[in-house]
Structures are given as structure tokens and as C-alpha cells.
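**Student:** predicted model and sequence follow; I will ask about them next.
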Amino acid sequence: MYPWDIIFGKRRAYQRKAAIVDFDGICSAHAMVVRANPAVILPELLPFFMHSDVFMHRAVDVSEGSLSPTIKWKVLAEQKFRIPPLGDQKRIADLLWSIDSSILMWDEVLLAMETLYRKYGHDYLLNSHLEKKELADVANINMGQSPPGSAYNEDGSGMPFLQGNAEFGEVSPKHIKCTSITTKIAPKGDILLSVRAPVGEINIADRSYCIGRGLSALSMKDKDLNAFLKHVLIFLRADLEKKSTGSTFKAINKQVLETIGVPYGDKDLLLAISGRLERMTEVKKQVQVNSEDIKRIQKQIINQIFG
């Protein structure tokens with residue numbers, strides 16, 4: 001294989017594994033090397049064609065086998081696709097590569113923001129000169145308890161119920177079940193901490209929830225500092241995972257949570273730290289939205305061209 005060839009994973013085509021080669025090399029038997037026929041399609045346009053839905057769906061359709069569906073080249077080679085006129089391809093490829101450059105730029109900005117967030121949090125939360133206090137001294141810890149199974153329903157009756165992190169969303173959970181019997185309640189604004197496999201994931205309660213054994217609801221005794229605690233928990237996740245126990249799946253109990261050391265100090269300083277981290281988080285979210293928007297536009301254009 002040579003530069004501008006495409007390595008295409010011929011097993012499990014639904015995983016959409018296709019990449020441009022930028023070196024001379026040899027390919028394994030688990031992939032195929034696809035090279036543009038410049039009399040039909042320009043090499044710089046071929047990668048976008050191979051990531052189009054029409055090509056990928058066809059690749060899946062012609063795959064053979066149940067456990068590990070595999071594409072046969074002879075079958076794929078016989079497939080026919082709609083390709084733009086050769087005279088238009090340079091303009092189309094330039095447009096798509098220009099969009100690709102924008103995606104790369106936004107991804108680099110996102111990486112830079114994530115690095116800045118991590119460095120600031122590391123310096124001001126983990127390696128700061130703030131005193132350390134046990135979590136139980138500064139926060140309320142409410143461990144979940146599951147209601148009886150007979151109380152669950154999916155018709156919206158009762159209080160929304162969360163068993164564990166399976167219902168977690170990007171920021172707040174998306175509940176599926178409700179319960180007519182409430183046990184432990186996490187009020188709106190509480191930090192929902194996963195205490196069972198995996199330990200350490202967090203969400204914010206956007207309403208009151210009944211919580212099961214897989215979760216704990218945390219709130220600072222001074223609720224103005226809840227955002228500060230949220231960021232502290234993000235940076236303490238590795239420590240929480242280390243303190244979890246269990247052979248089948250890891251979990252952490254209330255006694256361990258109570259003794260977790262958290263930075264603490266002057267309220268105005270803590271608010272300033274959390275405020276800076278919150279602003280960084282909002283910028284990261286907007287950058288992520290921008291990147292996803294451009295990726296979606298690029299995909300729409302690709303599918304319009306080759307669909």
C-alpha cells in the first residue's frame with residue numbers, strides 16, 4: 001500500500017473503519033487496500049465516498065457471516081455507485097477537505113481547552129495550598145436504596161427513579177422508570193455520584209429523583225458551593241476508583257466516601273475557582289457543539305453528493 005490508498009476494514013463493516021494511508025507499507029488480511037482509479041474518481045475524493053452512507057450501507061449488506069461478517073472483494077467490486085462527473089470532482093474535494101480542516105481546528109481547540117481545564121483543576125484543587133477536610137465534614141452524603149421491584153413502572157406514575165449510572169446523560173440523567181414507593185431522594189441540584197461499576201461518574205439532578213443502590217446524592221452543607229464540589233469530584237475520580245472494592249464489580253461505601261479528603265477554604269476563593277472551571281466547561285461545550293455541527297454538515301454534503 002502507498003500514500004493516498006485507503007485501508008478498509010473488511011470485517012464488521014458497520015464499524016466504518018476506513019483510513020487514508022500516509023506511508024508505504026503492507027496490510028494485514030483483515031483489511032483491504034482500495035486505490036482510486038483516476039479515470040473514474042480522484043484520489044482526494046475517494047476517502048469521502050468511502051465514508052458516505054450509501055457505500056457503508058452497501059458494504060454491510062454484502063458482508064457474509066454471522067459472528068464476524070466479512071466483505072468479499074469480488075462481491076464489493078461488482079457494486080455500482082453514483083459518482084460525480086470527473087470535471088466537478090476537484091471542486092467537490094476541495095470543499096470537503098476545507099470542511100475537514102475546520103473540523104480539525106475545532107478539535108484542536110477542544111483539546112487545548114481540556115488541557116487548560118485539567119491543568120487549572122490540578123493546580124488549584126489537587127496541588128493547592130487549600131486545607132483538606134473529610135467529605136463528611138463539608139457535605140451531605142445520601143446513599144441510595146432501591147424500592148421493591150413491584151413499585152417500578154414505566155408509565156410515569158410516582159417519582160422518577162434512577163438505579164445507577166446507566167441512566168446518566170451528558171449533564172443530567174434521563175430516567176426510564178418511576179416508582180410509587182420512594183426510599184432515598186436526591187433533590188434538584190444534588191450531585192449524583194455513581195458508587196457502583198463504574199465508580200466516580202457524576203450527573204446533576206435536574207429534578208427530584210428516587211435513587212437506588214448504584215448512586216449517592218451529594219450536596220455541600222453550604223449549597224452555594226455545589227459547583228465547587230462537582231469539579232472536585234471530577235478530579236478525584238481516579239482516587240475514588242482506587243478506593244473501591246469488590247470482586248464481581250467495584251463499589252464504594254459511605255464510610256469510605258465520608259473520609260475522602262477534599263480541598264476547602266475561604267468561600268470567596270472556592271467560588272472563584274469553581275467559577276473559572278465552570279466558564280471553561282461552558283467554552284468546551286460550545287466548542288464541542290461547533291465541531292459536531294460542522295461534522296454533521298460535512299456528512300450531509302457527502303451523502304447528497306453520493307446518495
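**Tutor:** It's in. For clarity, every value in this text was computed on a predicted model and none was experimentally measured. Numbers count the residues shown, from 1 in each chain.
**Student:** and the residue of the chain most remote from its centre, how close does it get to Ala93?
**Tutor:** Distance from the centre of the chain peaks at Ala39, with 41.1 Å (Cα atoms, centre = their mean). Distance, Ala39 to Ala93, by Cβ to Cβ, to the nearest Å: 16 Å. Quick note: C-beta positions are derived from backbone N, CA and C, even for glycine.
**Student:** now swap in Glu167 and tell me
**Tutor:** Taken as Cβ to Cβ, the span from Glu167 to Ala93 is 43 Å.
**Student:** chain neighbours aside, what residue packs nearest to Asn140?
**Tutor:** Ser219 (5.1 Å; Cβ to Cβ, 6 or more residues apart in numbering).
**Student:** give me phi/psi at that neighbour?
**Tutor:** phi -150, psi 140 (degrees, to the nearest 10).
**Student:** any idea how far apart the tips of stretch 145-163 sit?
**Tutor:** The separation between the terminal residues of stretch 145-163, taken as Cα to Cα, to the nearest Å, is 9 Å.
**Student:** meant to ask about stretch 190-204, not that
**Tutor:** 6 Å.
**Student:** what separates it from the chain centre, distance-wise?
**Tutor:** Centroid separation between stretch 190-204 and its chain, computed with Cα atoms, centre = their mean, to the nearest Å, is 15 Å.
**Student:** returning to that earlier point: give me every residue that touches the residue farthest from the centre of the chain.
**Tutor:** Ala39 sits next to Leu86 when contact means Cβ atoms under 8 Å, 6 or more residues apart in numbering.
**Student:** what's the closest non-adjacent residue to His251?
**Tutor:** That one is not His; residue 251 is Ala. Leaving aside its sequence neighbours, Ala251 sits nearest to Arg196 (Cβ to Cβ, 6+ apart; 4.4 Å).
**Student:** is it true that that neighbour touches Ala166?
**Tutor:** No - contact between Arg196 and Ala166 fails when scored by Cβ atoms under 8 Å: they sit 10.5 Å apart.
**Student:** more neighbours: which of those two?
**Tutor:** Neighbours per residue, other Cβ atoms under 10 Å: of Arg196 and Ala166, the larger number sits with Arg196, 20 against 11.
**Student:** next, the more buried one: phi, psi?
**Tutor:** Dihedral angles for Arg196 - degrees, to the nearest 10 - are phi -140, psi 130.
**Student:** which ones are touching it?
**Tutor:** Gly164, Arg213, Gly214, Phe249, Lys250, Ala251, Ile252.
**Student:** so which helix or strand takes in the second one?
**Tutor:** Using DSSP states H and E, Arg213 sits within no helix or strand.
**Student:** the one 3 residues further on now?
**Tutor:** Ser216 belongs to strand 215-220 when elements are defined using DSSP H and E.
**Student:** going along the chain, name the strands of the protein.
**Tutor:** 6-9, 18-20, 31-34, 131-134, 139-143, 152-153, 159-162, 177-179, 184-186, 191-194, 202-204, 209-211, 215-220, 261-264 (DSSP state E).
**Student:** now the helices for the chain?
**Tutor:** 46-50, 53-61, 73-77, 86-121, 135-138, 226-235, 237-243, 254-258, 267-306 (DSSP state H).
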